[in-house]
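Q: predicted model, plus sequence, below.
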Amino acid sequence: MHNAPENALPSYEELQRRLEAAEAALQAIRDGQVDTIVGDNRHLVVRLAEAEAREAHIRRVLMSIRNVNQLIVQTTDPHHLIQGACDHLTETMGYFNAWIALLDADDKTRMGMIAATGYGDGFEIMQNRLKQGQYTHCLNRALADDALVVVADPVNECPDCPLSRHYGGRVGMARRLAYLETVFGVLFVSVPKTFAEDEEAGDLFCELADDLGFALHKMDEAKALQRANEIIVRSPAVAIVWKNAEGWPVIFASENADGIFGWTARDLLSGTIVYADLIHPDDRQRVAGEVAQRSADPSAAHFEHAPYRIVTKAGDVRWIADMTHIRRDDNGAVLSYEGILLDITDQKQAEADKNRLEAQFQQSQKLESIGRLAGGVAHDLNNLLSPILGYGEMLLEDTDAEDPRREPMEEIILAGERARDLVRQLLAFSRKQVLSFRTIELNTLVTGFEKLLRRTVREDIHIHLTLADSLPPVKGDTGQIEQIIMNMAVNAQDAMPHGGMLTLETAMVELDRQYADRHEEVMPGPHVMLGISDTGIGMDEETRKHLFEPFFTTKPVGEGTGLGLATVYGIVKQHKGHVWVYSEPGRGTTFKVYLPVAAGARMAEKDVTVEDAAFKGSETILLVEDNQQLRKLARALLMRRGYSVLTAANGKEALSILEDHAAPLDLLLTDVIMPDMNGRELYFRAMEIYPELKVLYMSGYTDNVIAHHGVLDEGVQFIQKPFTVKALATKVREVLMAE
């Protein structure tokens, strides 16, 4: 008798026997009597039981998906959606528990809206962590990747998760909720391990997550549309629709269209206007490119243009923010574009003003840094020049007029004086020069200075004055304002190599708050304007940007220091003023200097003049100077004029001399800045011993201790280093003679 082949099909009788045995075994499983199943039937029965359980699970999952999709159709509230989804997923027993967390709309590092079912009170800890941005490992995995995340053993794999004990030995599954590139949040559920490993069950779970992601996307779209509608209702935004045809003919425009375009809705719909013609020519190609790029992407529904300009009916240019929605047919072809337009011209102007002010501030900071360097250099140069000029003048006084050495001495002094003038320019630019402010009638100053100016400029330069009547006075340093006029006049002369007109103009102007907000360091209020204009070659914008920078010059090498206009800038700022320049190539240049009107100031007083014969004296002077060379020089100069001179290197030494000095003391001649105490502090201490003591300050450099932003207090006597023999003698005599 032959055995049946190994792969032969079982007979009908055998199949019937197996089926009957399986049914009996399956019933035993249902009755809880699985242990009674023995033999070959056990494996078959278990397989059949698992198949039945899987089928039941899939049915429950499909029912959950159906219920969730019905909810998606019915609700427009994201919180209602996620809480309802969690409820449906657990009610059908498709999943044992579920939770959904959505990223915060304003802060993507934490969760905002959260819903859960099946955890009881145990979910509170998890919810608090999510709102603080404290994420579990599996949550970070789900957010980072589109793939299904399966946590086979939550207790051991996620020991820090406050929900791990709620899974009851089941497997956790997670998938992010997203649409295209936008991630909205994460969906978590738990299922028996068998179903977590089932491919179809996993696909259905991913499909469910995709449905929720799409629903959240549509809700975002609806919110965007609602915001657009609110913009139309509450603001001057304009709704406009243009057809996808050549030039984009306008097929709809809201009634307030004239608020932006100047054209009414009826004008736009007349058929003679296309939207492309309304866009500024310089922006037209860019806008068309943006539209074409988004139109070619079938998934693109709406987008925001980069701001662009339109030209109104009156020819004005307006800036537009445009959010465009693309309308397509069933095949994806573009039918039209729906734009929500908002006029942002004022915002763009504010941005431009902000950028201009930032540029002005940066320029000011740069000039300030260079100014500090220039001031420090000038201070040291002053200390070197004073002995050169002082001793040179002393030698010259002792030399006969016929002595052949006299001419070289005069050249030495002349070179020193030129160097002194350069130092003063550096000090003016750096705003470290101490100015003697007086009340000035600007018209009188300009008229008086015109004579010197006519002798200075070339004969082919014609000077014209246009002076306003009844100007209020300003407070300023006469010599420094004259320096402004001279520097600008020389600059103008160089710009008119073949001759031309130089115009000096004065006027009363009011600089308002709006002007002050647009210009760094300008204080609003009444100002006197000093204008200097030429008919020269002018300058381009790039040159104008660097005009006041020190050492910047357009002249050939060796013909200019580049300090003329930098000095003007420094002087104007010391006067709390503002300088403005306008120029175009071939059309000349105009400088306008605005000086604040003096508040309650008296008319300018005449300087006290001293005759040459009165340069000498017999009074006693305490000279305090920390620079040894300058101290020796000043002592020698004063003693040659008949004065008795006591000397000290610093304030402490000066006070010691005063305490031991029993004879009268008439004048304190002191440096401003010294190591241990400044000159003003020394003067106040000295007055305790000599209450009638007079003071003359000297310095080539100062700070706010003596000068408030470079301006001496009223009545304070000061001499600028380096000084000449005559200048020192004159100033000392003037102070001693003053009441």
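A: Yes, it's here.

Q: pretty sure Ala224 sits in a helix.
A: Yes: counting by DSSP: H, G, I helix; E, B strand; the rest coil, Ala224 falls inside a helix.

Q: residues near it, how many?
A: Number of residues near Ala224 (other C-beta atoms under 10 Å) recorded here: 16. Yep, even glycine has a C-beta here, placed from its N, CA and C like the rest.

Q: test my guess that Ala649 contacts Gln629.
A: No: judged on C-beta atoms under 8 Å, Ala649 makes no contact with Gln629 at a distance of 11.9 Å.

Q: now stretch 571-591: average pLDDT?
A: Throughout stretch 571-591, pLDDT has a mean value of 80.

Q: low-confidence stretches in the stretch 601-739 of the chain?
A: The stretch 601-739 of the chain contains residues with pLDDT under 70 at 601-614, 699-715, 720-724.

Q: if we go to 50?
A: 601-613, 701-712 (pLDDT under 50).

Q: where exactly do the strands run in it?
A: Secondary structure of the stretch 601-739 of the chain, counting by DSSP state E, counting those that start in this stretch: strands at 620-624, 644-648, 667-671, 694-699, 707-708, 711-712, 718-720.

Q: can you check the stretch 451-600 of the chain too?
A: With DSSP E, counting those that start in this stretch as the criterion, the stretch 451-600 of the chain has strands spanning 461-466, 474-476, 500-511, 525-534, 578-583, 589-596.

Q: helices and strands around the fifth one, which ones?
A: Spelled out, it's strand 578-583. On a contact count with 3 or more C-beta pairs under 8 Å, 6 or more residues apart in numbering; DSSP states H and E, strand 578-583 meets helix 564-574, strand 589-596.

Q: point out the most buried one among those.
A: Across those, the average number of neighbours (mean count of other C-beta atoms under 10 Å) peaks for helix 564-574, which reaches a mean of 25.

Q: may I have that one as PDB, with CA atoms only?
A: Written as PDB, here are the backbone C-alpha positions of helix 564-574 (Å, rounded to 0.1, in the frame of the first residue of the first chain):
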ATOM      1  CA  GLY A 564      37.600 121.600   6.200                       C
ATOM      2  CA  LEU A 565      34.000 120.300   6.200                       C
ATOM      3  CA  ALA A 566      34.800 117.900   9.000                       C
ATOM      4  CA  THR A 567      35.600 121.000  11.000                       C
ATOM      5  CA  VAL A 568      32.400 122.600  10.000                       C
ATOM      6  CA  TYR A 569      30.500 119.500  11.100                       C
ATOM      7  CA  GLY A 570      32.200 119.600  14.500                       C
ATOM      8  CA  ILE A 571      31.600 123.300  15.100                       C
ATOM      9  CA  VAL A 572      27.900 123.000  14.200                       C
ATOM     10  CA  LYS A 573      27.400 120.200  16.600                       C
ATOM     11  CA  GLN A 574      29.100 122.100  19.300                       C
END
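
Q: can you tell which of the strands of the stretch 601-739 of the chain is closest to Ile72?
A: Comparing the strands of the stretch 601-739 of the chain by their distance to Ile72 (C-beta to C-beta), the top pick is strand 707-708, with 72.3 Å.

Q: which helix or strand contains Gly185?
A: Assigning secondary structure by DSSP states H and E places Gly185 in strand 182-191.

Q: show me which positions of that strand end up buried.
A: When neighbours are counted by 16 or more other C-beta atoms under 10 Å, the buried residues of strand 182-191 are found to be 183-191.

Q: distance to His325 and pLDDT added to the residues you listed, as JSON lines?
A: Converted to JSON lines, these look like this (distance: C-beta to C-beta, whole Å; pLDDT from 0 to 100):
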{"residue": "Val183", "distance to His325": "23", "pLDDT": "91"}
{"residue": "Phe184", "distance to His325": "21", "pLDDT": "93"}
{"residue": "Gly185", "distance to His325": "25", "pLDDT": "93"}
{"residue": "Val186", "distance to His325": "29", "pLDDT": "95"}
{"residue": "Leu187", "distance to His325": "29", "pLDDT": "94"}
{"residue": "Phe188", "distance to His325": "34", "pLDDT": "92"}
{"residue": "Val189", "distance to His325": "36", "pLDDT": "90"}
{"residue": "Ser190", "distance to His325": "41", "pLDDT": "86"}
{"residue": "Val191", "distance to His325": "41", "pLDDT": "84"}
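
Q: need those in CSV (columns: distance to Arg328).
A: Shown next, in CSV, are these (distance: C-beta to C-beta, whole Å):
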residue, distance to Arg328
Val183, 25
Phe184, 24
Gly185, 28
Val186, 31
Leu187, 30
Phe188, 36
Val189, 36
Ser190, 41
Val191, 39
